[in-house]
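> have a look at this fold, sequence not included:
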């Protein structure tokens, strides 16, 4: 018997999911994709449900993707952004969550600059908490949409070689992808300057190289990570030109990859820093498919986490 | 015959309401609460109505509460916040209201840092104006949700002793609560440092004391007010520690109160300033019930003010 | 046979429209106006359609008008404002549009401080692009709502004399109105200080005068433009008082106009700078009718551009 619901009320990270749950999410997303190709892209599944988007760190793309996902399922959405939040008046985050909870939302989507915040707030609310990125910890919906994109093209998530290249040290995207790909039976190679690799990288069960050609060779998928220029320039490497020369993906380096390699990037792209425009816009790139799949994955999660409750009630 | 509709198109303040209207609002809110416990928390009552939330002073909690209330009744909401408003281009507030009016909204919820703004704008619009806080003047929906919370626990709003403790001078919450409790037949004691009491406090028909034990003794309800630290520290009292010692509610002081006293706070809380965490989170606290009732009160008002119009038309 | 749909998927400017298309938009808006007078101001026409409002230059009034228009037709709206946008992270506008496109919106309403941006982005999206103002280039929905207002009062857009007075140099409103009025067979007189007139004004097929009395005389319509004080004071003219004396519309100057002249202004008004309060609020002013018509014009455009697609599909 295959799984029909998730085990937890929350999606806190890939760490908490098992293989069957990941497959359930991907399969559900697959059926959501069809809705997004309809002329009337809306179903009444989550009518009367309230989804609070609590983005305490700026984000357009992820917030927008969650909002569109919620609306396509007919949920009401409410956005609370950092700048306008009462947190500026010295309120604690827990008090804020308790207040939101008192308004009886069904899901709280949270992005926060500190690791572990979604786990902490899940104790204070009956709503489903969805981690939309917490510090350098996890960004599970990104890893799930990446997995959906890989499966779309490769037909499987097993026995693949996936290279993740760039700022591994601070990347929640890298962390969630490594966890997911390991669970699904693929092999991850990380590649970065030594200054951008976490100290105990081997604990994550990945292979490490600082030679991009080694990472690229035989890879089925190459995930490029966004370089946070404001954070790293002059501290972690000498110049953008130097970084691009050693770790940026351009047409020249791509010649060493497999013909059917997939090029991925979580966005937003720094063109000419971690990836050349010709590669980002080239035939191997599935960067925009990732965005497309982002809406489907978030619809699937909202459906599984708060739509599922519906079966318990008669209405 | 009991009242079935409010006398004015607007809710400008508690001052304009009579006892029967207050009871109508509370009774209507009582029936709205049931909707908020449903799995599908949505009714079509205000479908096709437009509620403009015009918050010209920052607020997350009140704006969110009004938005949720409007959506649960299926109204469309439109938020205009100070920062993004064209008022920054030198437009007058009246021109802005005339412009909003030309778009034919059904209700305008307004928060403004100046007293009397809701009254002024109500002359320029056919929409129902709801005061969501104007300067140090009134915050009627807060007083109504406080009243609903008290009535939930005490069964009545008559013959109660209510202590309001803290920054009385600048508090629209205090003012609206005093007006409401007087109208309903309860007795209000205000307690604050002499520097935070308005000059002619006796005109508000309350008893005044600067001794918190006197205020607490025999009280059925204790309302703690938020202290605006940025405004008062070093001018109205020497230090936060000093303030907390004299006027902060802690377990020690609470021992002098009645066993069944209700502890209330409009939020956001300054923990350890006006109230100790043990008290805010303790068994006598109904602070989160207040938030919960906030949505119900705002649903009731939207229903009474703009849903009521529906009966005049056939549709 | 009269036209029943627009020729392009986008509304980029008045320049791209022919006379029949302008009439189609105005006639459609006329029928939308009726919806705005209903008690339930909502029709299901665009249910399941997503309208993205991408305002990369601040605007309350135009954004609000588009949002209300979209909601009245039951479309979902998603607002992305400059401040919160990921453009601040160095993403290119084209990458941002590609990302929005991947989420499959039906229309993108864009305001941008650079001329030509709507044209550029239309190449990157299958969605209908609506220009909500691009630099000093065009603001077509403003010209269309102005035209609807004129037609409401004058019964025609032919053979009228229309005076446009003020900051012609930087005004996209002036440019779009000149293009529209020329196409419809009216005669435009522009009037401004020589410093606020573009170098080759005659190419726009208008008459030019720096004497406001000459512009006003025999005019059927007087459009006053907003003066951007922050930009022009002390560089383009000596003082506000001087400007108002020469180019501001007051009761005295209005005596030289026709009895049935219409006074228009795109808003927000600088009272006492380009127009006196008595005139802005006087009997000849149709400034608030313009706002009202703004919602109807935007409903018409959304209907024609993205509602029309519906006929191709069966659903």
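Arrived safely, thanks for sending. Keep in mind it's a predicted model, so treat the numbers as computed, not measured.
> please enumerate the strands of the stretch 101-250 of chain A.
A:107-112, A:128-134, A:161-165, A:187-191, A:207-209, A:221-224 (DSSP state E, counting those that start in this stretch).
> need these in CSV (columns: mean pLDDT, distance to chain B and mean neighbour count).
(Each C-beta comes from the backbone N, C-alpha and C, glycine too.) As requested, the strands of the stretch 101-250 of chain A are arranged in CSV below (pLDDT from 0 to 100; distance: least, CB to the nearest CB, whole Å; neighbours: other CB atoms under 10 Å in any protein chain shown):
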stretch, mean pLDDT, distance to chain B, mean neighbour count
strand A:107-112, 96, 12, 26
strand A:128-134, 97, 14, 26
strand A:161-165, 98, 37, 25
strand A:187-191, 97, 40, 23
strand A:207-209, 95, 44, 17
strand A:221-224, 98, 35, 26
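> need the ones you listed in TSV (columns: distance to residue A:176).
Below are the strands of the stretch 101-250 of chain A laid out as TSV (distance: least, CB to CB, whole Å):
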stretch	distance to residue A:176
strand A:107-112	13
strand A:128-134	9
strand A:161-165	11
strand A:187-191	12
strand A:207-209	18
strand A:221-224	11
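> tell me the residues of the stretch 101-250 of chain A that contact chain C?
residue A:229 (CB under 8 Å from any CB of the partner chain).
> what does the stretch 101-250 of chain A have sitting close to chain B?
A:101, A:102, A:103, A:104.
> let's see which of those residues end up in helices.
A:101, A:102 (DSSP state H).
> now, among the residues of the stretch 101-250 of chain A next to chain B, which is nearest to chain B?
residue A:102 (3.6 Å; CB to the nearest CB).
> any idea how far that closest one lies from chain C?
26 Å (CB to the nearest CB, to the nearest Å).
> chain neighbours aside, what residue packs nearest to that residue?
Leaving aside its chain neighbours, residue A:102 sits nearest to residue B:291 (3.6 Å; criterion: CB to CB, 6 or more residues apart in numbering or on different chains).
> what's the pLDDT at residue A:310?
Note on residue A:310: pLDDT of 36.
> and what of residue A:195?
pLDDT, residue A:195: 87.
> cool, and residue A:60?
pLDDT, residue A:60: 84.
> show me what the nearest residue to residue A:219 once chain neighbours are set aside is bridged to.
With sequence-adjacent residues excluded and distances taken as CB to CB, 6+ apart, residue A:219 is closest to residue A:163, at 4.3 Å. Counting by DSSP bridges, residue A:163 forms beta bridges with residue A:189, residue A:222.
> and if you look at residue A:11?
residue A:130.
> wait, isn't it in contact with residue A:142?
No. The criterion here is CB atoms under 8 Å, and residue A:11 misses it with residue A:142 at 11.9 Å.
> the more surrounded of the two?
residue A:11 (29 against 26; other CB atoms under 10 Å in any protein chain shown).
> so how far is chain B from residue A:96?
8 Å.
> which helix or strand contains that residue?
helix A:93-102 (DSSP states H and E).
> now do that helix and strand A:107-112, the angle between them.
With axes from the mean of the first three to the mean of the last three CA atoms, to 10 degrees as the basis, helix A:93-102 and strand A:107-112 are set at 160 degrees to each other.
> list the buried residues for helix A:93-102?
Applying a neighbour-count criterion of 16 or more other CB atoms under 10 Å in any protein chain shown, one finds A:93, A:95, A:96, A:97, A:98, A:99, A:100, A:101, A:102 buried in helix A:93-102.
> contacting residues around the fourth one?
Translated: residue A:97. A:108, A:121, A:124, A:125 (CB atoms under 8 Å, 6 or more residues apart in numbering or on different chains).
> so which two of those are the farthest from each other?
Put simply, by CB to CB the two of the contacts of residue A:97 set farthest apart are A:108 and A:124, 9.8 Å from each other.
> run through the stretch 101-250 of chain A and note the low-pLDDT ranges.
Along the stretch 101-250 of chain A, segments meeting pLDDT under 70 span A:230, A:232-234.
> so where do the helices sit in it?
Per DSSP state H, counting those that start in this stretch, the stretch 101-250 of chain A carries helices over the ranges A:117-122, A:140-154, A:172-184, A:212-216, A:229-232, A:240-247.
> one step back: in JSON lines: the residues of the stretch 101-250 of chain A next to chain B, plus distance to residue A:231.
Shown next, in JSON lines, are these (distance: CB to CB, whole Å):
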{"residue": "A:101", "distance to residue A:231": "34"}
{"residue": "A:102", "distance to residue A:231": "37"}
{"residue": "A:103", "distance to residue A:231": "36"}
{"residue": "A:104", "distance to residue A:231": "39"}
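> closest one to residue B:81 out of the residues of the stretch 101-250 of chain A next to chain B, please.
residue A:103 (19.2 Å).
> would you list the phi and psi of that closest one?
For residue A:103, the backbone dihedrals (degrees, to the nearest 10) come out as phi -90, psi 0.
> again, but for residue A:72
phi -60, psi -20.
> mind listing what's buried in stretch A:274-282?
In stretch A:274-282, counting by 16+ other CB under 10 Å, buried: A:274, A:275, A:276, A:279, A:280, A:281.
> tell me the average confidence for that stretch?
96.
> re the thing from before, residue contacts, the residue nearest to residue A:219?
Contacts of residue A:163 by CB under 8 Å, 6+ apart are A:188, A:189, A:190, A:191, A:215, A:216, A:219, A:221, A:222, A:223.
> in a markdown table: these, plus distance to residue A:131.
Listed next are those as a markdown table, based on distance: CB to CB, whole Å:
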| residue | distance to residue A:131 |
| --- | --- |
| A:188 | 21 |
| A:189 | 26 |
| A:190 | 22 |
| A:191 | 26 |
| A:215 | 28 |
| A:216 | 31 |
| A:219 | 28 |
| A:221 | 23 |
| A:222 | 25 |
| A:223 | 19 |
